[in-house]
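**Q** Quick one, structure for this:
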Amino acid sequence: MKHLEGLNEQQKQAVLQKDGPILIIAGAGAGKTKTITHRILHLIKEGVAPENILAITFTNKAAKEMRERVEKVIGEDKSLNMPVYFRNKPFVSTFHSLGVHILKENSKLLGLTRNFSIMDRADSLKLIKDCLKKLDIDSKQFEPGKILNIISREKGDQKTCQEYKSEKDQKGYSLQGVVSSVWPLYEQKLAEEKALDFDDLLLKSFQLLKNHKEVLEKYQNIWKYIHIDEYQDTNKVQYGTVKLLVEKNRNICVVGDIDQSIYSWRGADIQNILSFEEDYPEAKVILLEQNYRSTQTILAVANAVIKKNKLRREKNLFTKNAEGDKISFFKGINEMEESRFIARKAKEIIEKGGSPREIAVLYRANFQSRILEEAFLTESVPYQVLGTKFFDRKEVKDILSFLRAGVNPESLSDIKRIINVPARGIGKVTILKIFEGGRDKLPLGVKEKVNSFFNLLERIKKEAEKEKPSDIIKFIIRETGLELELQKGTEDDKERLENMRELATLAVKYDHLPRPEGIEKLLEEAALATDQDSLEKNENAVKLMTVHAAKGLEFDYVFITGLEEDLFPHQPVGKDEKTPEEMEEERRLFYVALTRARIKLFLTYAEMRTIYGSQQMNFPSQFFADIDNDFLEEEHFEYREKIIYLEW
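**A** Purely as a prediction, here's the structure:
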């Protein structure tokens, strides 16, 4: 069969196993996306309707790649007689996008409209701060981000605020007591705005399936073959959703790697993949161990590192690739020297013909990026810090708020954000009166300004019902007066205008959809954008990012920095020591970092580093002890005498 060409024996087994539960343990770089793609193609060739197939992964980037590859292989298979843009397609998305899809189709059951707003983390944080203020709780003593994290984690564990409150049964000024007070008010504010936060997309879609038999049966009859990528990263609510969807047909194919489970801090439960065979005793287990990404040297080191973990399933990555270079390691006197070595070495790679976009610098903690950025600026090496999302820019969020407030007039957060953008002379007191229902009692001059603003929102709503998404964005930029104001402004203002226009360009990809659906998809993409989406333009620059953010990515050259005890493996401030489970996760994180590299790895650390304003001496990371010296070669920095003691 032609569609099996290029697959190894284990991949073929996974593709050909049509019915029943399948667990695919796929090592890093083992071609799991190719395997899932060809499995979906095989199902269709076996007579399964494309719309009966569901495939879920974790990042927008991974979902987009899988969707494109599925459509490509199906479109190219002449025996199917299907064009690339066939009408009914497999449903390929992230868990959050799946949640949005289910909630929009059943919004009335939750008292919502299809145009409910999705609060991103920044929006949710503002709501939490408003709740603390209303409850007269000091936001310095009880950090809003920490409260939001607790609520997020509890929702991921299938908990509602009522269940949390009854379980904790605490009041007053303990953290649990504050969360118990804030959470119900937070939910009330979300409901008032016809809005959901990120975690609601998962929790409420799960509750819909659990509590409404007719809804569950509908999706069970649609999605008869279900694929879940990165299964080791699922939390309780995602696990529960999958369990409900597959219980009728039991055709579930999960793909994952216990050795790459690195998200327990955000609720991922490694037991979901470890206990798969208990959930599905008839499951077929397939190991994908052939790596197509890295050199033999890189894999030998990665295998040696991860073998120390006990909580895993035995596997050994191998490759038919070349042996490759040794692993370089560099010991800097301080973080300045370490970062200058990295920037200088990246420059050398580029000068020898390496592509900047194929170089990544990985670190354990975000604070490490500052000194690295300084070094790359000094060496004039182009770089991009992962995490600066296009949709997070103020001017882009402003335009999206106009659009959201137009289609969802109850989105008070959006109205509050833009009612004075550009400046209309509408102050905080006026906004408060509007929200309290006192719009008719405003002074005549102020009332005219307010009415003009709400008339603009009404016009946006009418435009959204008949015009293409890209034209609506252009309409908003023009009719709000922002275009005229920014054209007359500084160079920074003109750059902001360019970003707004870039949003209109991005919206073009939704112009072919039916009118309401195009706007919905645009707003959904903006709300669900992740850090990795900032790489979509793939700037020709060295990528700087945390190891967590690098999951699922690969590069020719990878620098793993800050390999010092208490930094990597990480030891949180105020905690004496890690549990064995936490230490195993740190080791998995290092394993993930190692397996991002195709050609060459660099490991670096600093003997002295300034943290929280204090200099401290460091021991090299214990991970070095796991690597055979035969695989290592030390690098030296010939420019040391020029930079070391400049700050002393």
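
**Q** what's the nearest residue to residue 44 once chain neighbours are set aside in contact with, if anything?
**A** Leaving aside its sequence neighbours, residue 44 sits nearest to residue 50 (Cβ to Cβ, 6 or more residues apart in numbering; 5.7 Å). C-beta: built from backbone N, CA, C; applies to glycine. Residue 50 makes contacts with 44, 74, 86, 88-90, as judged by Cβ atoms under 8 Å, 6 or more residues apart in numbering.

**Q** Test my guess that residue 240 contacts residue 210.
**A** Yes - between residue 240 and residue 210 there is a contact under Cβ atoms under 8 Å: 7.3 Å.

**Q** Looking at those two now, which is surrounded by more residues?
**A** The neighbour count for residue 240 versus residue 210, taken as other Cβ atoms under 10 Å, is higher for residue 240 (19 against 15).

**Q** quick one, phi/psi of the residue sitting furthest away from the middle of the chain?
**A** In the chain, residue 444 marks the outermost C-alpha relative to the chain mean, sitting 47.4 Å out by Cα atoms, centre = their mean. With angles defined as degrees, to the nearest 10, residue 444 sits at phi -50, psi -50.

**Q** cool, residue 179 as well?
**A** The phi/psi pair for residue 179 (degrees, to the nearest 10) is phi -60, psi -40.

**Q** excluding its backbone neighbours, what's nearest it?
**A** Nearest one to residue 179, counting by Cβ to Cβ, 6+ apart, is residue 150 at 5.2 Å.

**Q** Could you measure from the one you found over to residue 413?
**A** Look at residue 150 and residue 413: by Cβ to Cβ, to the nearest Å, they are 21 Å apart.

**Q** picking that back up, checking my notes, the residue nearest to residue 179 in a helix, right?
**A** Yes - judged by DSSP: H, G, I helix; E, B strand; the rest coil, residue 150 forms part of a helix.

**Q** Can I get the host helix or strand of residue 184 as CSV, trimmed to CA atoms?
**A** For residue 184, the element it lies in under DSSP states H and E is helix 175-192. Presented in CSV, the C-alpha positions along helix 175-192 are these (Å, rounded to 0.1, in the frame of the first residue of the first chain):
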residue,chain,number,x,y,z
LEU,A,175,-5.0,32.2,51.3
GLN,A,176,-7.7,29.5,50.9
GLY,A,177,-10.2,31.7,52.6
VAL,A,178,-9.4,34.6,50.2
VAL,A,179,-9.8,32.3,47.2
SER,A,180,-13.1,31.0,48.7
SER,A,181,-14.3,34.7,48.8
VAL,A,182,-12.9,35.9,45.5
TRP,A,183,-13.8,32.9,43.3
PRO,A,184,-17.6,33.2,43.5
LEU,A,185,-17.4,37.0,42.8
TYR,A,186,-15.0,36.3,39.9
GLU,A,187,-17.6,33.8,38.4
GLN,A,188,-20.3,36.4,38.9
LYS,A,189,-18.4,39.0,36.9
LEU,A,190,-17.7,36.5,34.1
ALA,A,191,-21.4,35.7,33.9
GLU,A,192,-22.3,39.4,33.8
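
**Q** Would you mark the buried spots in that helix?
**A** Within helix 175-192, the residues scored as buried using 16 or more other Cβ atoms under 10 Å are 176-183, 185-187, 189-190.

**Q** what about the nearest residue to residue 144 once chain neighbours are set aside, neighbour count?
**A** Distances taken as Cβ to Cβ, 6+ apart place residue 128 nearest to residue 144, at 4.3 Å, with adjacent residues excluded. By other Cβ under 10 Å, the residues close to residue 128 number 24.

**Q** For residue 128, give its distance to residue 119.
**A** For residue 128, the distance to residue 119 - Cβ to Cβ - is 10 Å.
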